[in-house]
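Asks: Requesting a structural model of the entry that follows:
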Amino acid sequence: MAAATVRAAVAEAARVAPELPFVAGGKSFGGRMTSTAQAEAPLPGVRGLVFLGFPLHPPGRPSDSRAEHLAQVQIPMLFLQGDRDDFADLRRLKPVVTRLGERATLHLAEGGDHSFHVLKRSGRTDAEVMAELVETIVAWTAGIV
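Replies: I've put the predicted structure just below:
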């Protein structure tokens, strides 16, 4: 159902703005469902996928089984993760990204949790982290479209 919703959203975007190149993705479950849809059958016109907090596993239950389908994704992928994300143990996520090779880029938001919230003692604000993520997405997207 969620993958079908992703497919419908991509089709609508293509209908509304057929001249634009597309990247697709989402936050947490939305990103995973976008990659699932892409793995099942390429999303028409989508040139890359952006994941904001890819949910590799439930908190406290490290695994990488939720990433198995990513091997079928043949377009560039950008993983934006907080280095304190309870849904993506970096000891599990980094090898996944490495296995994907040049198709995958990992950007870590220092001090960020699953929602990219940073602790006050980090010396950074949530707004600064969000600006960093936006800049990363813009630069990465410019490199693939």
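
Asks: Which stretches in this protein count as strands?
Replies: Here the chain has its strands, by DSSP state E, at 22-27, 46-52, 77-82, 104-109.

Asks: Let's have these in CSV, adding distance to residue 12.
Replies: All C-beta atoms are positioned from the backbone trio N, CA, C, and that covers glycine. Below are those laid out as CSV (distance: least, CB to CB, whole Å):
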stretch, distance to residue 12
strand 22-27, 11
strand 46-52, 13
strand 77-82, 22
strand 104-109, 27
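
Asks: Looking at those strands, which one is packed in the most?
Replies: Here the criterion is mean neighbour count by mean count of other CB atoms under 10 Å, and of the strands of the chain the winner is strand 77-82, at a mean of 25.

Asks: so who does the residue sitting nearest the centre point of the chain touch?
Replies: Nearest to the geometric centre of the chain sits residue 51, at 1.0 Å (CA atoms, centre = their mean). In this structure, residue 51 makes contact with 25, 26, 31, 32, 34, 35, 77, 78, 79, 80, judged by CB atoms under 8 Å, 6 or more residues apart in numbering.

Asks: Who are the contact partners of the last one?
Replies: Applying CB under 8 Å, 6+ apart, we find residue 80 in contact with 50, 51, 52, 53, 107, 109, 116, 133, 136, 137.

Asks: and what of the third one?
Replies: Residue 31 makes contact with 25, 49, 50, 51, 52, 53, 54, 55 under the criterion CB under 8 Å, 6+ apart.

Asks: Neighbours of residue 8, how many?
Replies: Number of residues near residue 8 (other CB atoms under 10 Å) recorded here: 11.

Asks: my bad, residue 143
Replies: Residues near residue 143, counting by other CB under 10 Å: 11.

Asks: In this protein, where's the longest helix?
Replies: helix 126-144 (DSSP state H).

Asks: between that one and strand 22-27, how big is the angle?
Replies: 150 degrees (axes from the mean of the first three to the mean of the last three CA atoms, to 10 degrees).

Asks: Quick one: work out the angle between helix 126-144 and strand 77-82.
Replies: Using the same axes, to 10 degrees, helix 126-144 lies at 170 degrees relative to strand 77-82.

Asks: pLDDT (mean, whole number) over helix 126-144?
Replies: Model confidence over helix 126-144 averages 96 on the pLDDT scale.
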